[in-house]
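Visitor: Kindly return the folded structure for what I paste below:
(chains A and B)
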Amino acid sequence: MAGSEHLEVDLELPARPSSVTEARHAVTRLARAVGASEQQVALGVSEAVGNAVLHAFRDEEPGSIRVRATPERESLVVLVVDNGSGMAPNLGSRGLGFGIPLITQVARDVHFDSSEQGTSVSMSFDAVPLSSAESSQGEQG
Amino acid sequence: MALEHVVNVSETRSGPVELVKVAGEVDLANAEELREVIETPNLSTRLGIALDLRLVPFMDSSGLGTLLKVAQGIGSRLVLIIEPGSPVASLFELSRVENMVNIAATEEQALALLDGAGPSS
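Guide: Residues are numbered from 1 along each chain as shown, chains lettered A, B, ... in the order given. Below is the predicted model:
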């Protein structure tokens, strides 16, 4: 159990493209540690954070994006939250609209919550059961 | 996160092909750089471009969008070399855009497509 407090990602990042890379790398490292699919987690996180960078602050100064990833039972739960202006059509978007469809294909239990105060995206990825991951961490210690 | 790339030219029966090999992850931070790599000023003198993505361990929809926009502009003159079963291949399958761009598994197949001879077995 001693290593379990490190099995978490909690980042506050500026809404700029480099944050997509930083968030993906951090959460993918955690995915590897808890036995979740790195490929699926990488794509889900990249799309969710990328959406926030591209769309959340379209009418205002770029704000921040919070990325949290936590193992829960047999899942890795990832939460991406921005304090932008909420989801709305963005005709001037650089993207082609693949982000949300890709997220829903690589993650399960996907939830979107959007208001004028911002947007949150919650995604779950299958992982090794938490007790097994902690046991493995303990054996490595 | 700069993209590494190497450009070579290969001669086919129909003309020269630009072989562009890219290495590194592609996401929102460098998708524009990928476009700049592909849109070579030499294109007007080339039969086409074979873009080798086999050393790209990760790509998201930003990179995909870049590739599709370039493909829309030059059509059959762009062939992507993608390792079957790779994360990039998976991205194309999940996005259901495999039919929107020419894809080959090897450099030889890509050159054959651009040469107009069809994919080699």
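Visitor: what does chain B put close to chain A?
Guide: For chain B, the residues in contact with chain A (C-beta under 8 Å from any C-beta of the partner chain) are B:1, B:25, B:27-30, B:58, B:60-62, B:64-65, B:68, B:87, B:90-91, B:94-95. (Each C-beta comes from the backbone N, C-alpha and C, glycine too.)
Visitor: what about burial for the residues you listed, which qualify?
Guide: Listed as buried from the residues of chain B next to chain A are B:25, B:27-30, B:58, B:60-62, B:64-65, B:68, B:87, B:90-91, B:94-95; burial here means 16 or more other C-beta atoms under 10 Å in any protein chain shown.
Visitor: how about the strands in chain B?
Guide: Applying DSSP state E to chain B gives strands spanning B:4-11, B:16-23, B:48-55, B:78-81, B:102-104.
Visitor: Extract the C-alpha trace of the least confident helix or strand in chain B by mean pLDDT and format it as CSV.
Guide: Lowest mean confidence among the helices and strands of chain B (mean pLDDT, DSSP states H and E): strand B:4-11, at a mean of 88. Provided in CSV are the C-alpha atoms of strand B:4-11 (Å, rounded to 0.1, in the frame of the first residue of the first chain):
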residue,chain,number,x,y,z
GLU,B,4,12.3,14.6,-37.1
HIS,B,5,12.0,14.0,-40.8
VAL,B,6,14.2,12.8,-43.7
VAL,B,7,13.5,13.4,-47.3
ASN,B,8,14.8,11.3,-50.2
VAL,B,9,13.8,11.0,-53.8
SER,B,10,13.1,7.7,-55.5
GLU,B,11,12.8,7.3,-59.2
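Visitor: In it, which residues are buried?
Guide: Quick answer for strand B:4-11 (16+ other C-beta under 10 Å): B:5, B:10.
Visitor: which other helices and strands contact that strand?
Guide: strand B:16-23 (3 or more C-beta pairs under 8 Å, 6 or more residues apart in numbering or on different chains; DSSP states H and E).
Visitor: Give me the buried positions along the strand it packs on.
Guide: Buried residues in strand B:16-23, defined by neighbour count with 16+ other C-beta under 10 Å: B:17-22.
Visitor: the helices in chain B, which residues?
Guide: In chain B, the helices defined using DSSP state H lie at B:31-38, B:61-74, B:87-95, B:107-115.
Visitor: can you redo the ones you listed as TSV with distance to residue A:106 and mean pLDDT?
Guide: Shown next, in TSV, are the helices of chain B (distance: least, C-beta to C-beta, whole Å; pLDDT from 0 to 100):
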stretch	distance to residue A:106	mean pLDDT
helix B:31-38	19	91
helix B:61-74	12	93
helix B:87-95	7	96
helix B:107-115	28	93
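Visitor: Tabulate these in CSV, adding columns for distance to residue A:45.
Guide: Converted to CSV, the helices of chain B look like this (distance: least, C-beta to C-beta, whole Å):
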stretch, distance to residue A:45
helix B:31-38, 16
helix B:61-74, 13
helix B:87-95, 13
helix B:107-115, 31
